[in-house]
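Enquirer: What follows is a predicted protein model with its sequence.
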Amino acid sequence: MVPQGEGNSTIHPLEANTIAPPPPREQPELRPFRRWAPWLVSVFVVANVVMFLVTMYVNNCPKNSPRPCVASFLGWFAFNSLRENPLFGPSSSTLEKMGALVVTKVVKEHQGWRLITCIWLHAGVIHLLANMLCLLLIGVRLEQEFGFVRIGSLYVMSGFGGSVLSALFIQSRISVGASGALFGLLGGMLSELITNWTIYTNKFTALLTLIFIIAINLAVGLLPFVDNFAHIGGFISGFLLGFVFLIRPQFGWISQKNVPPGYHTGSLKRKHKIYQYILWIIAAIFLIVGFIVGLIMLFRGVNANDHCSWCHYLSCVPTSKWSCKSSAICFSAQDENGLNLTCQSYGRNLTYFFPSSSETRINELCDQLCS
């Protein structure tokens, strides 16, 4: 029996589906994915700044450097002379003490932790500011889109990948900096665009713009004393990790999940495209194999330059303005007046006024003189 309406004696027959299911909710914009509150990138920036301050405190230029310090009014935080470090930062020995990537220590002294600690250290204020500005510009947007777990994992693993490739090719000097991790974020952005190709508008414009930015940054790495192998290793790691961590479901599947009960949208939509699964599997295989092979080669003491005669050009291209020689010939002479060092490769000569020096200290001073 159907209840009668108030003031109406007409009896209506019972009908099925007299009330149609409501239509699906309209979305105000084409952004069905969750937006995360970015905080981890800010924590990374603070961590890098704190590590730099701790490094400068340990460095204590006024006490430990034989040369006059820059900005000596800063006391313990004063910078080493620009001849030693043109980036306004500590000495190479302090960076080594704090966990810089030194291949001999990784291989011979089994200090593999340096592959991670080096990405939190910076050679100077200029180095730190440049990297942290890039991290904020790139990382905040990615963390908003994909969350702190995926972006944090991508950042650290890309930095690790950059350290491994750097250690395989550059074995004559220390390496520090977050550049490998930052290039990993750029690589992740590229693979994210590729694997989520169908959900983007203006695809080719975004792709060409991103490739241009990456190419410019890699080109800068061809300058001397820039560790482009860390950049390349971080970029490749981030590119592969992007296919694994940054995969998106399709808009059709999202819309289908959001419709009210009882409303049919037609054929069921797959959450991901077939090509996304294929790229995920291929990238995961290359990542696992690449990390395993790279670590085995590193801890066996392999110098990758012996197996690739032209690869050194990926990090530095010699010109008439500069040389790419990573090692320099340095002569030392110790007498009662002090230590005299001559860097034959650059024609530099310097006398240090202290009576005796250890072999380690002489090697450190030679590196500074020839840098």
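Expert: Yep, it's here.
Enquirer: Show me the strands in the protein, by range?
Expert: Listed in chain order, the strands of the chain (DSSP state E) span 330-335, 338-343, 348-352.
Enquirer: Compare the mean pLDDT across those strands and name the weakest.
Expert: Among the strands of the chain, strand 330-335 has the lowest mean pLDDT, at a mean of 62.
Enquirer: my read: residue 186 touches residue 237, true?
Expert: No. Assessed by C-beta atoms under 8 Å, residue 186 is found out of contact with residue 237, at 11.2 Å. Using the backbone N, CA and C atoms, a C-beta is placed for each residue, glycine as well.
Enquirer: So the two - more neighbours on which side?
Expert: Between residue 186 and residue 237, counting by other C-beta atoms under 10 Å, residue 237 is the more crowded of the two (31 against 22).
Enquirer: quick one: contacts for the more buried one?
Expert: Residue 237 sits next to 157-158, 160-162, 180, 184, 187, 287, 290 when contact means C-beta atoms under 8 Å, 6 or more residues apart in numbering.
Enquirer: Which residues belonging to stretch 181-197 are considered buried?
Expert: By neighbour count with 16 or more other C-beta atoms under 10 Å, stretch 181-197 contains the buried residues 181-196.
Enquirer: what about it, distance to the chain center?
Expert: Centroid separation for stretch 181-197 versus its chain: 12 Å, with C-alpha atoms, centre = their mean, to the nearest Å.
Enquirer: ditto for stretch 302-322
Expert: 22 Å.
Enquirer: Could you do stretch 41-52 as well?
Expert: With C-alpha atoms, centre = their mean, you get 14 Å for stretch 41-52.
Enquirer: Could you do stretch 116-126 as well?
Expert: Worked out by C-alpha atoms, centre = their mean, stretch 116-126 lies 12 Å from the chain centre.
Enquirer: swap in stretch 198-205?
Expert: 25 Å.
Enquirer: Can you list the buried residues in it?
Expert: residue 199.
Enquirer: Just the CA atoms from it would do, formatted as PDB, please.
Expert: Below are the C-alpha coordinates for stretch 198-205, written out as PDB (Å, rounded to 0.1, in the frame of the first residue of the first chain):
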ATOM      1  CA  THR A 198      47.600  10.000 -20.800                       C
ATOM      2  CA  ILE A 199      46.400  12.200 -18.000                       C
ATOM      3  CA  TYR A 200      48.300  15.300 -19.000                       C
ATOM      4  CA  THR A 201      47.400  18.100 -21.300                       C
ATOM      5  CA  ASN A 202      50.100  20.000 -23.200                       C
ATOM      6  CA  LYS A 203      52.300  16.900 -23.000                       C
ATOM      7  CA  PHE A 204      54.900  17.800 -25.500                       C
ATOM      8  CA  THR A 205      55.400  21.300 -24.200                       C
END
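Enquirer: what comes into contact with that stretch?
Expert: 193, 197, 206, 248, 250-251, 273.
Enquirer: Would you mind putting these into TSV with distance to residue 83 and pLDDT alongside?
Expert: Converted to TSV, these look like this (distance: C-beta to C-beta, whole Å; pLDDT from 0 to 100):
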residue	distance to residue 83	pLDDT
193	44	93
197	51	88
206	44	85
248	51	88
250	58	76
251	58	64
273	56	87
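Enquirer: Quick check on the residues you listed: which are buried?
Expert: Buried residues within the contacts of stretch 198-205, counting neighbours by 16+ other C-beta under 10 Å: 193, 248, 250, 273.
Enquirer: out of these, which are inside helices?
Expert: Using DSSP state H, the members of those that fall within helices are residue 193.
Enquirer: Just name the closest of the contacts of stretch 198-205 to residue 324, please.
Expert: residue 193 (33.4 Å; C-beta to C-beta).
Enquirer: My guess is the closest one contacts residue 207. True?
Expert: Yes. Using C-beta under 8 Å, residue 193 makes contact with residue 207 at a distance of 6.0 Å.
Enquirer: State the pLDDT value of residue 313.
Expert: The predicted local confidence for residue 313 is 87.
Enquirer: Straight-line length of stretch 191-205, end to end?
Expert: 15 Å (C-alpha to C-alpha, to the nearest Å).
Enquirer: typo on my end, stretch 213-226
Expert: 18 Å.
Enquirer: Could you do stretch 161-179 as well?
Expert: Note: stretch 161-179 ends 11 Å apart using C-alpha to C-alpha.
Enquirer: which parts of that stretch are buried?
Expert: Buried residues in stretch 161-179 (16+ other C-beta under 10 Å): 161-171, 173-179.
Enquirer: low-scoring pLDDT stretches of the chain, where are they?
Expert: Within the chain, the stretches with pLDDT under 70 are 1-32, 224-225, 251-268, 320-323, 325-337, 342-349, 353-364, 366-371.
Enquirer: Pick out the residue nearest the middle of it.
Expert: The geometric centre of the chain, computed from its C-alpha atoms, lies nearest to residue 181 (C-alpha atoms, centre = their mean), at 0.9 Å.
Enquirer: nearest spatial neighbour of that one, skipping sequence neighbours?
Expert: Leaving aside its chain neighbours, residue 181 sits nearest to residue 159 (3.4 Å; criterion: C-beta to C-beta, 6 or more residues apart in numbering).
Enquirer: Hmm, the one you found is touching residue 119, no?
Expert: Yes. Using C-beta under 8 Å, residue 159 is in contact with residue 119, at 3.7 Å.
Enquirer: More neighbours: those two, which one.
Expert: Taking neighbours as other C-beta under 10 Å, residue 159 and residue 119 compare with residue 119 leading, 31 against 28.
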